[in-house]
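Q: Fold the following and give me the result.
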Amino acid sequence: MNLLSDEIAAMAANSSWIRKMFEEGIELKKKYGEDNVYDFSLGNPDMPAPAVVGDALRKIADDADKPFAFGYMPNAGFAETRSVLAKLVSREQGVTVSGDRIVVTCGAAGGLNVFFRAVLNPGDEVVCPAPYFVEYKFYAGNFGGKLVPVRSKEDFSLNLEEIEKAITEKTRAFLINSPNNPTGVIYSPTDVAELSELLRRKSAEFGRTIYLIADEPYRFLNFDNVDIPSVFRHYRDSVVIGSFSKSLSLAGERIGYIAVSPELEGAKTLVGGLAMTNRILGFVNAPAIAQKILNAASESQADLEAYRKRRDMMAKVLDYAGIEYNMPGGAFYFFPKSPVPDESLFIQALLNERVLAVPGRGFGMEGYVRLAFCVPEKTITGSAEAFKRAAASLKA
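A: Alright, predicted model coming up:
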């Protein structure tokens, strides 16, 4: 029986490497116990939400008996929440953004799907640096678009020469994720300025708007306090998409936003289209409870120092094992080089030591693995000998 469409059946047969490793971990934990498996497969933040989130939930519960406490609101979100988010985005981007330039979404993933539905025609292309978050391919493909990855430089900075070759008359958007999943790289102001100039030239050459999308759910995880450049300052036709899955440890609550540049020509039309696609994709509106949490908690965040400590601990584990890596400037991932060119051999060697990682090919770059260090400290320190044995087994 053909229960699925051909496309979804093919996707299911080649499902996400992240989920595959996560499910492998469940079986290993059943067999060996939670404390004897070192699971770095899934970027699921384990930090508790800030106390203000609990306070907000209690206040929401106290008001639950009021009429329409959890009813529909405009598709773009509560006016109060849009104003709260506009204030946050204005501070982060260094430009003034008004609430009518904000659409509240079901997470950053929902925001990307809403945006692509609004701007992509079948055959349009979305260019992005590789490695990249694996779901980008599906998000663009959902609406007839095609993801065009461009391999980054060895230090994971933008390869602008190759990017220029990849941009064609079919290009509708360029997508950057900074701090980046899976590399942890933060793109420099020079990279973003040069990319913006390139997009301006190409937009003029092809006579169409090429959007610059900044996917920024990890913005607060900036360990070395470097400048995360504002796309709004650099490029007129830009949008910022963010969420609170990481900063407030609300991954399961699905709350995010799209912010449209105050300089974008025809912004009112774009925002109206985004509100419409928010509705017709079936999201209707972002969750009412999550929006009310944001109204109280948008100025708070999870413990950055705890994540910084884990990053440094993970680096020591990799140093001890003799594994080559670039130190991540943000997010909560390492993307180290496999000791052998075929990283699937390294993945298997790690599995033999009950360590779970994700192969780089799942992010569009073979020869690397991704490690999520949003895990308890004892998982990181306890894995040191296992990493060393796995690496040594391949070198032998």
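
Q: Give me the distance between the two termini of stretch 320-331.
A: Using C-alpha to C-alpha, to the nearest Å, one end of stretch 320-331 lies 22 Å from the other.

Q: cool, and stretch 334-346?
A: The straight-line separation of the ends of stretch 334-346 (C-alpha to C-alpha) is 15 Å.

Q: Same question for stretch 225-245.
A: Taking C-alpha to C-alpha, stretch 225-245 runs 21 Å from one end to the other.

Q: can you pull the buried residues of that stretch?
A: Across stretch 225-245, burial judged by 16 or more other C-beta atoms under 10 Å covers 228-245. Glycine gets a C-beta too; all of them are placed from N, C-alpha and C.

Q: again, but for stretch 118-131
A: Buried residues in stretch 118-131, counted by 16+ other C-beta under 10 Å: 118-120, 124-131.

Q: as a whole number, average confidence for that stretch?
A: Stretch 118-131 shows an average pLDDT of 98 in the prediction.

Q: sorry, back to before: could you tell me which of the buried residues of stretch 118-131 belong to helices?
A: The helices, defined by DSSP state H, take in 118-119 from the buried residues of stretch 118-131.

Q: Would you reformat the buried residues of stretch 118-131 as a markdown table and include distance to residue 282?
A: Formatted as a markdown table, the buried residues of stretch 118-131 follow (distance: C-beta to C-beta, whole Å):
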| residue | distance to residue 282 |
| --- | --- |
| 118 | 15 |
| 119 | 19 |
| 120 | 18 |
| 124 | 22 |
| 125 | 26 |
| 126 | 22 |
| 127 | 28 |
| 128 | 26 |
| 129 | 30 |
| 130 | 30 |
| 131 | 30 |
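
Q: Walk me through the domains of this structure.
A: Following automatic domain parsing, the chain resolves into domains at 6-49+303-395, 70-297.

Q: how far does stretch 267-276 sit from the chain's center?
A: Put simply, stretch 267-276 sits 23 Å off its chain's centre (C-alpha atoms, centre = their mean, to the nearest Å).

Q: Excluding its own residues, what touches that stretch? List them.
A: With C-beta atoms under 8 Å, 6 or more residues apart in numbering as the test, stretch 267-276 has contacts from 74-76, 100-101, 103, 114-115, 118-119, 258, 260-261, 264.

Q: out of those residues, who has the most neighbours?
A: residue 103 (33 neighbours; other C-beta atoms under 10 Å).

Q: How about the secondary structure of it?
A: Here residue 103 is recorded as strand under DSSP: H, G, I helix; E, B strand; the rest coil.

Q: That one and residue 278 touch, don't they?
A: Yes: between residue 103 and residue 278 there is a contact under C-beta atoms under 8 Å: 6.2 Å.

Q: Give me the common contacts of those two.
A: Contacts common to residue 103 and residue 278, judged by C-beta under 8 Å, 6+ apart, are 75-76, 114.

Q: closest to residue 4 among those?
A: Distance to residue 4 across those (C-beta to C-beta) is lowest for residue 114, with 24.5 Å.

Q: so that closest one touches residue 108, yeah?
A: No: under the criterion of C-beta under 8 Å, residue 114 makes no contact with residue 108, lying 10.3 Å away.

Q: got the residue ranges for the strands in the protein?
A: Here the chain has its strands, by DSSP state E, at 38-39, 102-105, 125-130, 146-151, 171-177, 211-215, 238-243, 256-260, 333-334, 355-356, 358-359, 369-372.

Q: Turn the ones you listed into a markdown table, columns for distance to residue 342.
A: Putting these into a markdown table (distance: least, C-beta to C-beta, whole Å) gives the following:
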| stretch | distance to residue 342 |
| --- | --- |
| strand 38-39 | 22 |
| strand 102-105 | 39 |
| strand 125-130 | 18 |
| strand 146-151 | 18 |
| strand 171-177 | 26 |
| strand 211-215 | 30 |
| strand 238-243 | 34 |
| strand 256-260 | 36 |
| strand 333-334 | 19 |
| strand 355-356 | 17 |
| strand 358-359 | 9 |
| strand 369-372 | 11 |
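
Q: Select, out of those, the one closest to residue 198.
A: The closest approach between residue 198 and any of the strands of the chain, judged by C-beta to C-beta, belongs to strand 171-177 at 8.7 Å.

Q: Packing partners of the closest one?
A: Packing partners of strand 171-177 (3 or more C-beta pairs under 8 Å, 6 or more residues apart in numbering; DSSP states H and E): helix 107-119, strand 125-130, helix 189-206, strand 211-215.

Q: Take the ones you listed and write them to TSV, including distance to residue 313.
A: Below are the helices and strands packed on strand 171-177 laid out as TSV (distance: least, C-beta to C-beta, whole Å):
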stretch	distance to residue 313
helix 107-119	27
strand 125-130	28
helix 189-206	29
strand 211-215	27
